[in-house]
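1. Sharing a model prediction with you, sequence too.
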Amino acid sequence: MDYFNTSIEQLHQDLLDGKISSTQLTADTFAAIAAKDDKIKAFLALNEDDASKTAAAIDAAGVDSSQILAGIPIAIKDNIVTDGLTTTAASKMLANFVPIYDATVVKKLKDAGMVIVGKLNMDEFAMGSSTENSAMKTTTNAWDHTKVPGGSSGGSAAAVASGEVIAALGSDTGGSIRQPAAFNGIFGFKPSYGRVSRWGLIAFGSSLDAIGTLTRSVRDGAHVLNAIAGADERDTTTVDRNDGDFGINIGKGVKGMKIALPAEYLGEGVDPKVADQIKKAADQLRAMGATVETVSLPHTKYAVPAYYIIASSEASSNLQRFDGIRYGFRAQDVKTLDDVYVRSRSEGFGSEVKRRIMLGTFSLSAGFYDAYFKKAAQVRTLITRDFEKVFADYDLIMGPTTPTTAFGIGAKVTDPLTMYMNDILTIPVNLAGLPAASVNAGFADGMPVGLQLIAKPFAESTIFQAAAAFEDANDYLQQIPGGQN
Amino acid sequence: MISKEQVAHVAELARLQFSDEELQQFTGQLDEILNMVDQLSEVDTEGVPVTTQSVLLENVMRADEATMVTPRAELMKNVPTEKDGLIQVPAIIDKEDD
């Protein structure tokens, strides 16, 4: 299967016209995975038997023109539970865990007729920015196998960028969809907090977590988001609203759109070559009729410290459930119940997960709560207010998704702080619950650069409108990871 | 500066145990992270309310209707060890306490 020169709309048309069957498409997808995954190392589990059966059933029933996703294969990040298919969150803790239900998003994809082909690698429990924290294996960047794919949805991004699948689901707590999308030159979309149900997502930071899409093109992203969005009584943070097709404004261009470029997003720490691509993108959007003006988000530099306290505090609470009793890893030769808890957790979790549990437990502990957790939650309010001020006058905020392009495997893994700073441009969005995307904005020294577009809550369609216009105005989508594959 | 004793106490709260060497390493790393986090003290947050969630929904209700719950056999599928349809765990009371 050549996923580089097609789209969901094209595949749908081919299925309708009988030019290809879902069975063939599914078999071709597994062949592509077999051919490429030795180097990419994106998949943790394959769902071959079940996928073939689903595809055959769809072929037998026939594809309906109202079901654009029917018969098309997709892969799922391994922290989203899939009934009967191993879901590990890339942790030794869940190495043998087989869920007994589907996450709401998985059920919605199945209802739309999508074929689930397998589960994708990630940083353990979604904690990391390089997928090197996986307890299973290290995924490589689609453009250069000596570099990281980003994280935590590194498997999702690399699988899509290398053409193994046309679309994947990921999760984004502090940039975990947008950063790997940027590193692999694809389109990654994180919806507004409350837009997509997280029921069945293995929880990390519950006030920040969002499930979203990774696809090569903007239009493909809109189609998959349309399928997974919506209120769910099993996730009471979802908001009951129907905004229709997120791709409704695609094709309308950016004429008259007001775009803000925060000075802080091109400041210290941002690689000049990355900044140059973003400035070029700003000039291009201006030439296309948008207004692009410099603004200030003064609390940006406090987002990383606030995030690490809030996300780690929530994680320390969410990960209490892993106690070795009802499911997951249980240590051997334990003498007492307390031993089961302590030894199972100490042997089952990797070091980054332990680091965050420790930071979170500390931040919430007696005597430190006011100085750490409460302070961070107040700073979060100030960061949200910064965005509200800008969005009073602008439709979108633009900037780089990441300060640098993909770094080398092993380059940052021993230094947690340097790794954390990698998310400085994506974290503020999660703290404020905003929708945001990363779209390919060209290359610096042969590696992709991501343009981040951020909108006000529930204005997803504005992002799709601008991102599609930008994608159409460039030939970046036509460039595929080549020489080094 | 966080001490090794403080880190050991937090580990106990988090139900984690570390070797002496790991404890040393974690103390150093947590200290660096806390130094980074201490930047927050520069920010004037006097009178600023906390944000703990982004969607301001309150008291989301659902109908109180009985539904079929997941059958026991299903729920037991991922249990590490079971006995007579129950989850098996080591003895909770130490022998010395007998």
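-> Sure, I can see it. Numbers count the residues shown, from 1 in each chain, chains lettered A, B, ... in the order given.
2. Which secondary structure element of chain A has the lowest mean pLDDT?
-> helix A:416-421 (a mean of 84; mean pLDDT, DSSP states H and E).
3. and the helix or strand just after it, what does it pack onto?
-> Heading C-terminal from helix A:416-421, the first helix or strand you meet, by DSSP states H and E, is helix A:427-432. Packing contacts for helix A:427-432, counted by 3 or more C-beta pairs under 8 Å, 6 or more residues apart in numbering or on different chains; DSSP states H and E, involve helix A:303-318, helix A:375-391. (Each C-beta comes from the backbone N, C-alpha and C, glycine too.)
4. could the ones you listed go into JSON lines alongside mean pLDDT and distance to chain B?
-> Listed next are the helices and strands packed on helix A:427-432 as JSON lines, based on pLDDT from 0 to 100; distance: least, C-beta to the nearest C-beta, whole Å:
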{"stretch": "helix A:303-318", "mean pLDDT": "97", "distance to chain B": "4"}
{"stretch": "helix A:375-391", "mean pLDDT": "98", "distance to chain B": "4"}
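5. Count the residues that sit near the nearest residue to A:K456 once chain neighbours are set aside.
-> Distance criterion C-beta to C-beta, 6 or more residues apart in numbering or on different chains; nearest residue to A:K456, sequence neighbours excluded, is A:F391 at 4.3 Å. Neighbour count of A:F391, defined by other C-beta atoms under 10 Å in any protein chain shown: 20.
6. what's the spacing between A:F391 and A:Y307?
-> 20 Å (C-beta to C-beta, to the nearest Å).
7. Does the least confident helix or strand of chain A pack against any helices or strands, and if so which?
-> helix A:303-318, helix B:20-37.
8. Indicate which one of those is closest to A:E132.
-> A:E132 lies closest, by C-beta to C-beta, to one member of these: helix B:20-37, at 16.1 Å.
9. The longest helix along chain A: what's the following helix or strand?
-> In chain A, assigned by DSSP state H, the helix with the most residues is helix A:22-40. Downstream of helix A:22-40, the first helix or strand assigned by DSSP H and E is strand A:43-46.
10. Any stretches of chain B with poor pLDDT?
-> In the predicted model, chain B carries pLDDT under 70 at residues B:93-98.
11. all helices of it, in order?
-> Under DSSP H, chain B gives helices at B:4-13, B:20-37, B:72-75.
12. of all those helices, which lies closest to A:A290?
-> Nearest of those to A:A290, taken as C-beta to C-beta: helix B:20-37 at 36.2 Å.
13. quick one, phi/psi of the residue sitting nearest the centre point of chain A?
-> Central residue of chain A (C-alpha atoms, centre = their mean): A:I177, 2.0 Å from the mean position. Per-residue torsions, A:I177: phi -100, psi -50 (degrees, to the nearest 10).
14. Tell me which residues touch it, please.
-> Listed by C-beta atoms under 8 Å, 6 or more residues apart in numbering or on different chains, the contact partners of A:I177 are A:153, A:156, A:170-171, A:188-190, A:210, A:212-214, A:438.
15. Max pairwise distance over these: which two?
-> The largest separation in the contacts of A:I177, counting by C-beta to C-beta, is between A:S171 and A:S438 at 14.6 Å.
16. quick revisit: what distance do you get for the residue nearest to A:K456 to A:A31?
-> Distance from A:F391 to A:A31, by C-beta to C-beta: 46 Å.
17. Which residue does the stretch 351-485 of chain A have closest to chain B?
-> A:G433 (2.5 Å; C-beta to the nearest C-beta).
18. Burial check on that residue, number of neighbours?
-> The burial count for A:G433: 24, using other C-beta under 10 Å.
19. where does the stretch 201-350 of chain A come near chain B, residue by residue?
-> A:207, A:233, A:236-237, A:239, A:299, A:301-302, A:304-306, A:308-309, A:316, A:320, A:323-330, A:334-337, A:339-343, A:345-346, A:349 (C-beta under 8 Å from any C-beta of the partner chain).
20. could you redo the last one with a cut-off of 7 Å?
-> Taking C-beta under 7 Å from any C-beta of the partner chain as the criterion, the stretch 201-350 of chain A approaches chain B at residues A:207, A:233, A:236-237, A:239, A:302, A:305-306, A:308-309, A:316, A:325-327, A:330, A:334-337, A:340-342, A:345-346.
21. wait, what's in contact with the residue nearest to A:R241 when sequence neighbours are not counted?
-> Nearest non-adjacent residue to A:R241, counting by C-beta to C-beta, 6+ apart: A:F458, 6.9 Å away. For A:F458, the contact set (C-beta atoms under 7 Å, 6 or more residues apart in numbering or on different chains) comprises A:192, A:195, A:241, A:243.
22. interface residues of chain B facing chain A?
-> B:10-11, B:13-17, B:26, B:29-30, B:32-33, B:36-37, B:39-40, B:43, B:45, B:48-55, B:57, B:60, B:62, B:70, B:74, B:77-80, B:87, B:89-90, B:92, B:94.
23. list the contacts for the residue in chain B that chain A sits nearest to?
-> Chain A sits closest to B:S54 of chain B, with a gap of 2.5 Å, by C-beta to the nearest C-beta. By C-beta under 7 Å, 6+ apart, B:S54 lies in contact with A:193, A:207, A:432-433.
24. Identify the farthest-apart pair in the residues you listed.
-> A:S207 and A:A432 (11.0 Å).
25. Name the residue in those two with the higher neighbour count.
-> A:A432 (25 against 21).
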